[in-house]
Every structure is written in structure tokens, then in C-alpha cells.
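Engineer: Okay, predicted coordinates and the sequence, questions at the end:
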Amino acid sequence: MRRQASLALLNTLSLTRLPLAVAFILVPDAWVRAGLVVLAAFTDFLDGWIARHKGLATRLGALIDPVADRAFMVTAILVCYLDGLISGVAVLLLVLRDVGTTVGFFVARLAPRLRSVELKARMLGKAVTSLQLVTLLCVLLFPPAVVPLVALIGVLSFASVVDYSHAVLKARERDAGPRRMKPESGGATSSGSSLPPVRK
């Protein structure tokens, strides 16, 4: 019962980023928006820390957390673009990784050979997410730092997509290995010999 309550708390922490995204749309003040970005980053850190240190990581949580992250991030970036705070090129570079990983996620879930593969967050992906949050703060409070940060995010986003795709394929190979071995082990006799029995 306590575990179920803890899991519900973690999922609630992740889902709080959805109303934060709505608030980012409705509130025009830059400082308030910056506070929303910090709060979103804090909830992301907190639910991840609790899940790892309490052994509460689940497949559902691994799905909800990145979806909530991307919902907040993409919403905030598009709002900044519509407000004229960043260029269209910057938007493309900032959301490149999010679009790539989202497409990859659905491909992995639709492809029969990839459905059993457990999709986990990668270090490069976490670095890009952190830089996106820092960039959003700079868009709102310190615009001169935006261009170099966006360029760095573009490079790391491409590397993140490649790294994620490679990890999925490697996981698929590891998962497929034992399955290929089963028919071979099943074909041997209990004595380990393929010779026919000797008639007496």
C-alpha cells in the first residue's frame, strides 16, 4: 500500500509539469515564467531522485516523466517564439531532440521486434534537457547567452538521437540473443548425444 502511494506521488510530481505548461502560456511576466521553469526543473529532479533512491522506477513512470518534460519544454519554447523572443531556427534546434526521441519512441512501440526493449533515459539526453532549461531562463532573463547555448544544444541533440538509437538497437540484440539460443538447446537429448539409441 505504501509503495502504491509513493508511486502515485511520483507520477503526480511528473504530471504537475502539464499545468505548469498551461501557466506559462497564460502568464506573460518574464520573472514568473522563469519561476515556472525552475519549478518544472525541480519537480523533474525530485521525482527522478526519489525513484532512483527508493527503488520505485517503473515502466509507467519512465513513460510519464519524459512526456511531461517534453510537453512543458515544447510549450514554453513555442510560447517564446510566438512572443518574438527567439527565432524559428532556434526553435528547430531546441526541439530537434524532442521530436526525434518522440518519433523513435512510437517506432519502438509499433515495431514488433522492439516492443520488449526497455527504453531508459540517456546521459546525453539529460544534458540536453538541462541545457534547454538553462536556455529558457536566458531567453527570459539574459538574451545575449541564447545563441551560443542554442548552437550547443543543436550539436548535443543530434548526438543524443544517435546515442539513443544505438542504445535501443543494442538492447534489441541482447534481448534477441537468448531467444535464438532456445531452439538449439531444446533439440538435444537429455544425454547430450545426437546418436540413435543402441538396440539390444
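Structural biologist: Okay, I see it. Numbers count the residues shown, from 1 in each chain.
Engineer: who's in contact with the closest residue in space to Leu156 that isn't next to it in sequence?
Structural biologist: In space, Leu156 comes closest to Val128 once its chain neighbours are excluded; the distance is 5.1 Å by CB to CB, 6 or more residues apart in numbering. (Glycine included, C-beta is placed from N, CA and C.) For Val128, the contact set (CB atoms under 8 Å, 6 or more residues apart in numbering) comprises Arg97, Ile153, Leu156, Ser157, Ser160.
Engineer: For the helix or strand hosting Leu36, name the packing helices and strands.
Structural biologist: Using DSSP states H and E, the element containing Leu36 is helix 30-53. When contacts are defined as 3 or more CB pairs under 8 Å, 6 or more residues apart in numbering; DSSP states H and E, helix 30-53 packs onto helix 2-15, helix 17-26, helix 59-82, helix 123-141.
Engineer: what's the closest of those helices to Leu92?
Structural biologist: helix 59-82 (10.0 Å; CB to CB).
Engineer: The closest one vs helix 123-141, what angle?
Structural biologist: 30 degrees (axes from the mean of the first three to the mean of the last three CA atoms, to 10 degrees).
Engineer: For helix 59-82, the averaged confidence score.
Structural biologist: Helix 59-82 shows a mean pLDDT of 83.
Engineer: Report the angle between that helix and helix 30-53.
Structural biologist: 160 degrees.
Engineer: could you say what helices and strands helix 59-82 packs with?
Structural biologist: helix 2-15, helix 17-26, helix 30-53, helix 88-110, helix 123-141.
Engineer: Which one of the ones you listed lies nearest to Lys170?
Structural biologist: Counting by CB to CB, Lys170 lies closest to helix 88-110 out of the helices and strands packed on helix 59-82; the figure is 13.0 Å.
Engineer: Ala159: what's its closest spatial neighbour, skipping adjacent residues?
Structural biologist: Nearest residue to Ala159, sequence neighbours excluded (CB to CB, 6+ apart): Leu124, at 5.8 Å.
Engineer: residues contacting that neighbour?
Structural biologist: Leu124 makes contact with Leu156, Ala159, Ser160, Asp163, Tyr164, according to CB under 8 Å, 6+ apart.
Engineer: Model confidence score at it, please.
Structural biologist: Predicted confidence (pLDDT) for Leu124: 77.
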